[in-house]
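> Provided below are the primary sequence and the corresponding predicted coordinates.
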Amino acid sequence: MKPFVVNPAGPFRGRVSLPGDKSIAHRAVILSALSSPKTTLENFPANDDCLATLKAFKQLGIRSTLKKSEVLIYGKGLFGLKKPGRPIYLADSGTSLRLILGVLAGQRFSVRLTAGKSLSGRPMKRVILPLRKMGAEIKSRMGGFAPIIIKGGGLKSITYRLPVASAQVKSAILLAGLYAKGKTRVIETVTTRDHTERMLKIFKGRILRSPGKIYIPGDISSAAFFIVAGSIINGSKILVRNVSLNPTRTGAVKVLKRMGAHINVKCQMSNAKGAEPVGAISVKSSKLKGVRVSKKEIPSLIDELPVLMVAASLARGKSIFEGVGELRVKETDRIRSMTENLKKMGADIRVNRGKAGENIVVIGVKGLKGAGVKSFGDHRTAMSMIVAGFAAKGTTRIDDISCISKSFPDFIKVINSLKK
């Protein structure tokens with residue numbers, strides 16, 4: 001337990017460069033391991049989740065070295081992995097588990113995958129079912145939960161329509177498709193983040209040639225906490241540099257602009273085929289207004305919804321977030337964690353059911369008040385409540401923020417550096 005006390009703060013001013021995007025980093029590690037001879041990953045985010053992926057591939061026979069924010073991975077090609085001597089533990093990294101299942105579906109040996117308490121309660125059936133259709137043998141705890149035993153090899157290609165918008169499921173199928181006979185197709189009814197597709201282009205598709213070096217741009221999900229803080233705390237002016245501007249991930253920025261946030265985005269496109277767009281985002285404090293966010297927008301801002309709920313609590317008028325049911329199956333039930341916490345701080349917030357599923361309705365209030373809140377063991381809930389605490393009157397006490405190390409271990413240090 002690492003309790004944390006937040007007092008009103010601000011304005012926040014200055015420039016920040018953030019650790020690499022977690023989603024991109026996972027995929028870079030995986031394809032570096034499956035290519036040859038070696039790949040350097042720059043601006044690697046040494047958080048708990050990405051380290052889980054790195055450690056997993058070490059167990060599969062891939063040598064790597066980590067020095068500060070740079071990782072050197074010595075890949076062994078598509079068929080160079082070896083059977084691990086013990087079960088692979090993936091902590092609470094859902095991306096690690098789902099994507100590695102796709103790789104292991106192509107291996108002719110069996111592996112047992114175990115997970116932490118939180119991840120062991122998250123649904124894996126959505127990945128297991130298509131991989132079984134491709135020919136992998138997979139056993140799991142009843143209902144499709146970890147621990148999971150998978151034996152792959154001899155895969156066949158499939159055409160699969162995603163029943164749930166999920167970049168992780170899509171990526172697992174595409175990775176398994178590297179080992180399948182024929183052409184593997186994934187059909188999306190709602191566009192999800194395309195990091196895997198971009199990374200495959202960088203590695204030359206099925207041939208998997210190492211590009212030598214990959215720079216991992218700053219995490220847009222981490223940037224969201226600074227963008228919201230800069231928007232709601234008077235006198236703030238923040239510049240976030242070298243951040244990912246992948247169009248499948250910038251939904252939160254678009255929503256905040258509709259709310260009236262003073263945000264300027266400057267993109268620096270790369271000429272490299274498949275490269276992630278990178279740029280800078282500047283934000284200064286403004287008066288926000290309520291917004292309606294449709295279900296089709298949710299996949300592009302699912303990880304930023306908790307901190308957007310904080311912004312909506314201080315906006316003028318009503319905000320509605322439609323079709324947010326996927327928040328129930330994150331590291332915690334984020335609908336519950338955020339509504340309970342924000343209500344304690346004086347927010348007017350409720351959950352109801354509509355045609356699009358579960359909706360969150362927030363009526364903006366004049367101000368939040370400090371209160372005792374919980375992180376629920378969830379990193380995004382914890383960081384959202386820290387931002388809310390900075391904007392509130394009085395003291396906010398968060399029961400435990402150790403979970404922040406899952407994605408952004410230096411969050412407190414970085415945001416404190418902006419205090420004026």
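Nice, thanks for sending it over. Residues are numbered from 1 along each chain as shown.
> And for residue 381, nearest residue in space, chain neighbours not counted?
The shortest distance from residue 381 to any non-neighbouring residue, by CB to CB, 6 or more residues apart in numbering, is to residue 337 (4.4 Å). All C-beta atoms are positioned from the backbone trio N, CA, C, and that covers glycine.
> Tell me which residues touch that neighbour, please.
Going by CB atoms under 8 Å, 6 or more residues apart in numbering, residue 337 touches 306, 374-376, 378, 381.
> quick one: which of these is nearest residue 322?
Each of the contacts of residue 337 was scored against residue 322 by CB to CB, and residue 306 proved nearest at 16.2 Å.
> Give me the pLDDT value at the closest one.
As predicted, residue 306 sits at a pLDDT of 98.
> That one and residue 379, how far apart?
Taking CB to CB, to the nearest Å as the criterion, residue 306 is separated from residue 379 by 10 Å.
> hmm, which two among the contacts of residue 337 are most spread apart?
306 and 374 (13.0 Å).
> Show me the common contact partners of the two, please.
With CB under 8 Å, 6+ apart as the test, residue 306 and residue 374 both reach 337, 381.
> Ends of stretch 84-94, what's the gap?
End-to-end distance of stretch 84-94: 20 Å, with CA to CA, to the nearest Å as the criterion.
> Distance from it to the middle of the chain?
Stretch 84-94 sits 19 Å away from the centroid of its parent chain (CA atoms, centre = their mean, to the nearest Å).
> what's the answer for stretch 245-263, then?
16 Å.
> And it, what's buried?
Under the neighbour-count criterion of 16 or more other CB atoms under 10 Å, stretch 245-263 has 245-246, 248-256, 259-261, 263 buried.
> and what of stretch 110-121?
111, 113-116, 118-120.
> Equivalent analysis for stretch 263-270, please.
Result for stretch 263-270 [16+ other CB under 10 Å]: buried residues 263, 265.
> likewise stretch 47-64?
47-57, 59-60, 62, 64.
> how far away is the closest residue in space to residue 118 that isn't next to it in sequence from residue 171?
The shortest distance from residue 118 to any non-neighbouring residue, by CB to CB, 6+ apart, is to residue 92 (4.5 Å). For residue 92, the distance to residue 171 equals 18 Å [CB to CB].
> before we move on, what about residue 311?
29 Å.
> do residue 212 as well
23 Å.
> swap in residue 75?
Distance from residue 75 to residue 171, by CB to CB: 18 Å.
> Quick one: list the elements packing against the helix or strand residue 102 falls within.
Here residue 102, judged by DSSP states H and E, is contained in helix 94-104. On a contact count with 3 or more CB pairs under 8 Å, 6 or more residues apart in numbering; DSSP states H and E, helix 94-104 meets helix 22-34, helix 48-59, strand 110-114, helix 125-134, strand 145-151, helix 167-177.
> what does that helix rub up against?
So helix 94-104 is contacted by 22-23, 26-27, 30, 34, 49, 52-53, 56, 81, 88, 90, 111, 113, 115, 119, 122, 124, 127-128, 131, 136, 138, 146, 148, 150, 152, 168-169, 171-176, 331 (CB under 8 Å, 6+ apart).
> again, 6 Å this time
26, 30, 52-53, 56, 90, 111, 119, 122, 127, 150, 152, 168, 171-172, 175-176 (CB atoms under 6 Å, 6 or more residues apart in numbering).
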